[in-house]
Structure formats: C-alpha cells, structure tokens
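Asker: Okay, sequence plus prediction incoming.
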Amino acid sequence: GATPSTLGATPSTLGATPSAVAPSPGPDDPHAAATAATSATPAAEGRMVVATGGFTSFRPGRFRLGDYRPPGPLKDWLQALPTADPKGRFSDRQIQDLLQKWKGKCPQVRGMASPQDVLAGIEAVYEKEGRGEVPAKVKADVLALPIQAVDDDTVLALLAYSLELHTQDRDPKDAAKHLPCKYQIYGEFNRVCRAWAHAEEEGPLREEWELFKPLVYHLNAAITALPPVSAVLYRGGGYGVEAHDYPLGETGAWGGAISASGDRHQAVAFVAKDGLKAVTQGCYFILLSNKARPMFHISDFPEEIEYLHPLEAELEVCGVLPASILQMLTLSVNIVTLKLAKESLPLDLHLDALDGMSFIYDDFLGSYIPPSVKAHPDAVELLDIQEETAAFVQDPARKVLLFAAPAGAGKTSYALFMAKRTRFLNRLWLFVSLPSVLEPFAKDSLVRHVMKTFGFEAEQLAQLRSRPLVLILDSLDEVQIEDEPTQSWWNANGFDG
C-alpha cells in the first residue's frame, strides 16, 4: 500500500495465527525461477552434478530389464571391458586397480559395526583436508545410518560406479597423487544412460547400451540391496537450466542412477566454490525421498554423504522458487525442489527441505536491518517489528497482522526474514507470493497453491491443518480484486476445519 508503515489487526479472521502481508517489487511467474544467464555450459560429468538436457522426456521403461540376466558376475564383465569396448576407453591395468581396491574394501565394509565407525572415517577426512568440524546435520544423518550386511558383489557394483580411476602419471601440482584417467566408468555409464533415457530412437545407442547393460543390472541390484531411508538431498551444477524444463507437477529424471548428497555443501560446491552470490549461472536441486539408499559407508569418498536411487526411479517437480525472490536476493541460480514420484511423503520431510534451502537468504539477510513500525499512521511511538510479531503470534485473540508501507520500505525483506525459519515460535511458517496464486480469493485457492507449490498431497495437507500455521502472504497490493471477498482466506480455505 501507499500508506506509512502500519502494524495492526484487520476485520478478517485469517486464522489462529497471523499473516504478514506486504508488496514485492514485481509479479511472479508461478512456474519459473529466473536466471540472469540463459546459456548452459556443461560442467564436468559427475555423479552428483545435474545433467544438461532432458528431464520430462525420461523413459523409465528402458531401465526395467524384466527377465534379463547378465551372462556372468560383474567381475567378469569388468575384466572383459577393455577388450569389449570398441572405443578402447579403459585399460587392463585400470580394471585390475579397481578390483584390487575392491579386495581391500570388502573387509573394511564388513568391519563397520556401527554408524560411529562410519562417522570416524568421515571425521578423519575432514581432519586430513583441514575442513574443520563435520556439520551437525551430517553427523546426525550418519549416526542414524542403518548398518546392515552387504555382500561383496554389492560392494563391487557400488565401487565400479563411484571409484575414480587414475593413470600412472603423477599430478604436477601434487606429486603424491596420480592424474585421473580421461575416461571414468561412472562418467561413461551416466553419459550412455542419460542418452538412452531420452532418445526417441534406440538404434544409434544400441551398441553402447548393450556394452553397459550388465552394469545397469548389477548396479540396480546393489542399490536395492541397501536399506531405504527418508532424506532431503542436494544436487548442483555450475550452468543454467531452463525453468520451463521443470514445470510444477511434471515427472521425469535425468537418466542413470539418481545420485545426490545429504550435505548441501557438496551440491553448492558444484554450483560455486566462492558462494552463490558470485555465480553468474547455476542450478541447485533439492530432492525429497523416502527411499534414498545411503552408500557413503561403502564409497571411497564417505565425506560426500552420497545416496542413490534405482535407474528407473522418477522424480516430480514440487517447487520452484519464485522469480521475485531470486531477483531480490540478486541470485542467478535456478532452485528447484523435486520429490520421489508416486510417493506420499511426510509433512516434516517437506519442511526439512524448506529449512535446507534457507541458506540462500544468508548473504541477503547478513546486512538486513529490521524496519521500525507504528501501530497506525498517525502514531508517534516506533515499535520493534520482531517483538510485535512475536506478541501477535502468541496471542490467540488476534487473527491477522498487516504490514503496509511504500515500496522499498522492507516489507518483503521482513517476510523473507521470518520465512527463513520454517519452524519458529512453535509455529510452521510458509511464504506465499499472492500474484502467483491462481484466483487468490476463490474457495480453496491457497490450499491448491500450497499443495502444488510445496508438493503436498491430501495426507500432508491434513497434517498441515492440524498444526499451528503462519501463512506469510506477500504482495497483496499487486492482486487484482474483481469482486469484494465475502469471507477470510482462512475460512475460504478450510483451515479452521
């Protein structure tokens, strides 16, 4: 609004907890997360790097092998690979190095009696590389790791997929290390699987697919042998993706085993080592899954906190950060939330994903100064906005909190400051940009928007309605009102029922 900063209750009853309403600089596209650069530059091929190319054109049926069984164990396939590969990408020595590594890894895996053993290995890596303390969330995830016996074949399949192959040549920058091979099994495997997953015609890819098909079988068997857990995971890439390739509600995948990290710092490193503010283009994906398979206790890189999903697994787009927020934060990174398709996930997993994304506000809020407010335009006394909000939330007799001020006064900044903490003052806080809501005053419009934007289904919505909730409704002044509303948003969306 064009009035001085105002704090107070309005006649409508938005619910048992307040809602902060404030304009933002411009309207949002509900299906887009803008990026300053539209050109995509592929990054180095990696397991946890987001692939360029298709997503919605994924063909999961191509990875359902049916009655297919490879002619022999994976060890035999690996030993035959240098000869069987018409492109000559792998040498006998490289394969023997991998198998030797496998022989040493198997007793290590069998000797892991508890999650504390896994954590000790990760802490050793952090100490060796001077990383400091292992993040608290990583520690918690590792200590919750279900340890169960895996056979040697499972270990070999996971190593074949994840191990870095090296030449005999020394790294000129570090004489203690060998240079990596030009071709990595995981890199070539992912390249073939991603092409196979999206190609309209199978013919040109048939030879490459048949070469790697035994590894598809053995890797899928290994992944499904690992215990499934619920987790919020992260992937990243230092190149832009087109927002229209990830429309809300659509399903798809990149192809290959879906690999992601439980440590967001791993994904951020793929986007930018110097922080998100320094990025000119990039993509950051948050994955919600109740069937993530932790393999970092087997990996040669346990500090990556890597989880896998079978090759036929599909993801559903359940959230795209509004363009206006990215513009306000001056970020040139697309941020998309995905969940495992056809799965009903607990509400708290969605909330954990929102918490996991909150770090994007850190730089912006580092210089944030809370605005002062008045109880009404003619008041003299200045009030502390955070104290007023806390008092309002904790007073069940007050229903709505309205912030009104000219553009640039800090309303949306304050809304983001509050939304950064998904769980605060014993409430759940959800940010909604009203211009992105289809028919915002229609019955159940906010419910439909929240369900679609956050990926909620009926079960999660029921959980949401049963818990104390704050809806932060931004940009009220940008919403076109054709007919005067006859009831509050809270009642129109059934939150009291």
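Answerer: Yep, that arrived. In this text, all values refer to a predicted model and were calculated from it rather than measured experimentally. Residues are numbered from 1 along each chain as shown.

Asker: and residue 355, that's in a strand?
Answerer: No. Assignment of residue 355 by DSSP: H, G, I helix; E, B strand; the rest coil gives helix, placing it outside any strand.

Asker: Quick check: it touching residue 422?
Answerer: Yes. Residue 355 sits in contact with residue 422 when judged by C-beta atoms under 8 Å, with a separation of 5.1 Å. For every residue, glycine as well, the C-beta is placed using N, CA and C.

Asker: Comparing the two, which residue is more hemmed in?
Answerer: Taking other C-beta atoms under 10 Å, residue 355 and residue 422 do not tie; residue 422 has more neighbours (20 against 16).

Asker: which one is that one nearest to, not counting chain neighbours?
Answerer: Once flanking residues are discounted, residue 422 sits nearest to residue 354: 4.5 Å by C-beta to C-beta, 6 or more residues apart in numbering.

Asker: What residues does residue 492 make contact with?
Answerer: Contacts for residue 492 were tallied using C-beta atoms under 8 Å, 6 or more residues apart in numbering; they are 441-446, 485.

Asker: Now the two most distant members of those.
Answerer: The span of these, defined through C-beta to C-beta, is set by 444 and 485 at 13.6 Å.

Asker: And for the residue nearest to residue 422, the neighbour number?
Answerer: Neighbours around residue 354, by other C-beta under 10 Å: 22.

Asker: Which pLDDT value belongs to it?
Answerer: Per-residue pLDDT puts residue 354 at 82.

Asker: list the contacts for it?
Answerer: With C-beta under 8 Å, 6+ apart, residue 354 has these contacts: 422, 430, 454.

Asker: For residue 484, see how far away it is.
Answerer: Separation of residue 354 from residue 484 (C-beta to C-beta, to the nearest Å) stands at 33 Å.

Asker: residues in contact with the helix or strand where residue 448 lies?
Answerer: Element membership of residue 448 [criterion: DSSP states H and E] is helix 445-454. With C-beta under 8 Å, 6+ apart as the test, helix 445-454 has contacts from 30, 248-249, 318-320, 337, 350, 354, 430, 432, 436-440, 456-457, 460-461, 464, 471, 489, 492-494.

Asker: just so I have it, where are all the helices in the stretch 351-497 of the chain?
Answerer: Secondary structure of the stretch 351-497 of the chain (DSSP state H, counting those that start in this stretch): helices at 362-366, 385-393, 411-419, 445-454, 458-465, 489-492.

Asker: And the first one, what's buried?
Answerer: In this case it means helix 362-366. Residues residue 364 are the ones in helix 362-366 that count as buried (16 or more other C-beta atoms under 10 Å).

Asker: do the same with the shortest one
Answerer: For helix 489-492, the neighbour count (16+ other C-beta under 10 Å) marks 489-492 as buried.

Asker: from the residues you listed, which is closest to residue 392?
Answerer: residue 490 (14.9 Å).

Asker: pLDDT weak spots in this protein?
Answerer: Within the chain, the stretches with pLDDT under 70 are 1-53, 272-280, 320-328, 496-497.

Asker: residue closest to the middle of it?
Answerer: Taking C-alpha atoms, centre = their mean, the centroid of the chain lies closest to residue 286, which sits 0.5 Å from it.

Asker: and residue 350, how many neighbours does it have?
Answerer: Count around residue 350 with other C-beta under 10 Å applied: 24.

Asker: Equivalent analysis for residue 334, please.
Answerer: 26.

Asker: Quick check: beta-bridge partners of it?
Answerer: residue 283 (DSSP bridges).

Asker: Distance of it relative to residue 282?
Answerer: In terms of C-beta to C-beta, residue 334 sits 7 Å off from residue 282.

Asker: Next: residue 223.
Answerer: With C-beta to C-beta as the criterion, residue 223 and residue 282 are 28 Å apart.

Asker: where do the helices sit along the stretch 51-200 of the chain?
Answerer: Counting by DSSP H, counting those that start in this stretch, the helices of the stretch 51-200 of the chain are 74-84, 92-110, 115-128, 136-143, 152-162, 185-198.

Asker: List the buried residues of the fifth one.
Answerer: It refers to helix 152-162. Quick answer for helix 152-162 (16+ other C-beta under 10 Å): 152-162.

Asker: could those residues be laid out in TSV, adding distance to residue 62?
Answerer: Below are the buried residues of helix 152-162 laid out as TSV (distance: C-beta to C-beta, whole Å):
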residue	distance to residue 62
152	29
153	24
154	23
155	27
156	24
157	19
158	22
159	25
160	21
161	18
162	23
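
Asker: Name the nearest of those relative to residue 257.
Answerer: Out of these, the member with the shortest distance to residue 257 (by C-beta to C-beta) is residue 161, at 6.8 Å.

Asker: The closest one contacts residue 189, correct?
Answerer: Yes. Using C-beta under 8 Å, residue 161 makes contact with residue 189 at a distance of 6.8 Å.

Asker: which residues do the two both contact?
Answerer: With C-beta under 8 Å, 6+ apart, residue 161 and residue 189 have common neighbours residue 215.

Asker: Which positions within stretch 288-300 qualify as buried?
Answerer: 288-289, 291-299.

Asker: Can you lay out those residues as TSV showing secondary structure?
Answerer: Output for the buried residues of stretch 288-300, formatted as TSV (three-state DSSP):
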residue	secondary structure
288	strand
289	strand
291	strand
292	strand
293	strand
294	strand
295	coil
296	coil
297	coil
298	coil
299	coil
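
Asker: and the two most separated of those residues?
Answerer: The span of these, defined through C-beta to C-beta, is set by 288 and 298 at 23.4 Å.

Asker: circling back: tell me the angle the helix holding residue 448 makes with helix 458-465.
Answerer: 120 degrees (axes from the mean of the first three to the mean of the last three C-alpha atoms, to 10 degrees).

Asker: Pull out the CA atoms of helix 445-454 and give them to me as PDB.
Answerer: Written as PDB, here are the backbone C-alpha positions of helix 445-454 (Å, rounded to 0.1, in the frame of the first residue of the first chain):
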ATOM      1  CA  SER A 445      -7.200 -21.300  -3.900                       C
ATOM      2  CA  LEU A 446      -4.500 -21.100  -1.300                       C
ATOM      3  CA  VAL A 447      -4.900 -24.800  -0.500                       C
ATOM      4  CA  ARG A 448      -4.500 -25.700  -4.100                       C
ATOM      5  CA  HIS A 449      -1.500 -23.300  -4.500                       C
ATOM      6  CA  VAL A 450       0.300 -24.600  -1.400                       C
ATOM      7  CA  MET A 451      -0.300 -28.200  -2.400                       C
ATOM      8  CA  LYS A 452       1.100 -27.600  -5.900                       C
ATOM      9  CA  THR A 453       4.000 -25.400  -4.900                       C
ATOM     10  CA  PHE A 454       5.200 -27.400  -2.000                       C
END
